[in-house]
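Undergrad: sequence unknown, structure follows:
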C-alpha cells in the first residue's frame, strides 16, 4: 500500500479578533511505500503530529489530498474513512487511549470488535501482549498499568489487525531503553513484513531502525 500526501497543508484559526491563521503544516508532498519505515523528527509544535493526524484520516487538511493507492481518503464519507482506519491503518496515538471499563486484553482486541462479528483473535492479542511484555497484565484494568505500560498496550492494539499502514506518534515516549528497543523492533518487523510505517518521535534510538529520516520545522518537511 502506498500512502501519499499531495500538496497537503493545515491552517488553524487563531483566537481573538485578529482573524489570522496559524500555518501548522505548510504545503508539502510526502509518500510512504510498502515495507518502508520513515521517521519524522522535530520539536514540539513543528507540525509533525498534525501531519500524522491528516495521514491517518483523522484531521481534514485545509488543502491538498491524502491518498491511499491513488484514492483520496477525504473524498470518502466519515463512516467509510473510519472503517478504512480500522481495517487497514494501525494508529499509535500520542498520550494514553484506553477504555477503563475493559481489561488490557479487551482493549487490545478493540479494533476487531468494532466492526467484526467473527470470533475475536484472542490468540493473536495474547501473542502481542507477550511480545510487549504485558501478558501477565492481560486481565487487569488499564488503571493498574504505568504510563509506559499503557504505551506498550497501544502498540499491541495497533498491530492486532496486521495493518497495511502503521502510524505512530511518539510510540516510545516514557519507555526505558530496553522497551524502546522492544517497540522499535516490532515496528521494524511490521515494515519488513510489508507494512508502510511512519513514526514521529524525539528518540534518537529510533534512527537506526529507519529507512529514511526527515525533519519538520515550522510546518515544513525536509531531509535530515
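TA: That came through fine. Computed from a predicted structure; not experimentally measured. Numbering: from 1, shown residues only.

Undergrad: contacts for stretch 36-53?
TA: With CB atoms under 8 Å, 6 or more residues apart in numbering as the test, stretch 36-53 has contacts from 5, 8, 10, 24-26, 28, 30, 32, 59, 94, 167, 169, 187-188, 191, 196-202, 206-207, 209-221, 224. To be clear about C-beta, it is placed using only N, CA and C from the backbone, and glycine gets the same treatment.

Undergrad: kindly report the same for stretch 209-216.
TA: 30, 36-42, 46-48, 51, 184-185, 187-188, 191, 200, 207, 221-224.

Undergrad: can you check stretch 15-23 too?
TA: 9-14, 219.

Undergrad: follow-up on the earlier one: just the buried residues from the contacts of stretch 209-216, in PyMOL please.
TA: Provided next is the PyMOL selection string for whichever of the contacts of stretch 209-216 are buried by 16 or more other CB atoms under 10 Å:
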select buried, resi 30+36+37+38+39+40+41+42+46+47+48+51+184+187+188+191+200+221
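
Undergrad: now do the same contact list for residue 155.
TA: 92, 132, 168, 171, 183, 186-187.

Undergrad: show me which pair in those is furthest apart.
TA: For the contacts of residue 155, the maximum inter-member distance is 13.3 Å, found between 132 and 168 (CB to CB).

Undergrad: which of those two has more neighbours?
TA: It is residue 168, of residue 132 and residue 168, that has more neighbours when counted by other CB atoms under 10 Å, with 27 against 22.

Undergrad: bridging residues for that one?
TA: In this entry, residue 168 is beta-bridged to residue 92, residue 199, by DSSP bridges.

Undergrad: quick check: closest non-adjacent residue to residue 107.
TA: Distance criterion CB to CB, 6 or more residues apart in numbering; nearest residue to residue 107, sequence neighbours excluded, is residue 98 at 5.2 Å.

Undergrad: state the phi and psi torsions of the one you found.
TA: Backbone torsions of residue 98, given as degrees, to the nearest 10, read phi -140, psi 140.

Undergrad: which residues touch it?
TA: So residue 98 contacts 107, 142, 145, 150, 153-154 (CB under 8 Å, 6+ apart).

Undergrad: switch to 10 Å and redo it
TA: 104, 106-108, 110, 141-143, 145, 150, 153-154, 157 (CB atoms under 10 Å, 6 or more residues apart in numbering).
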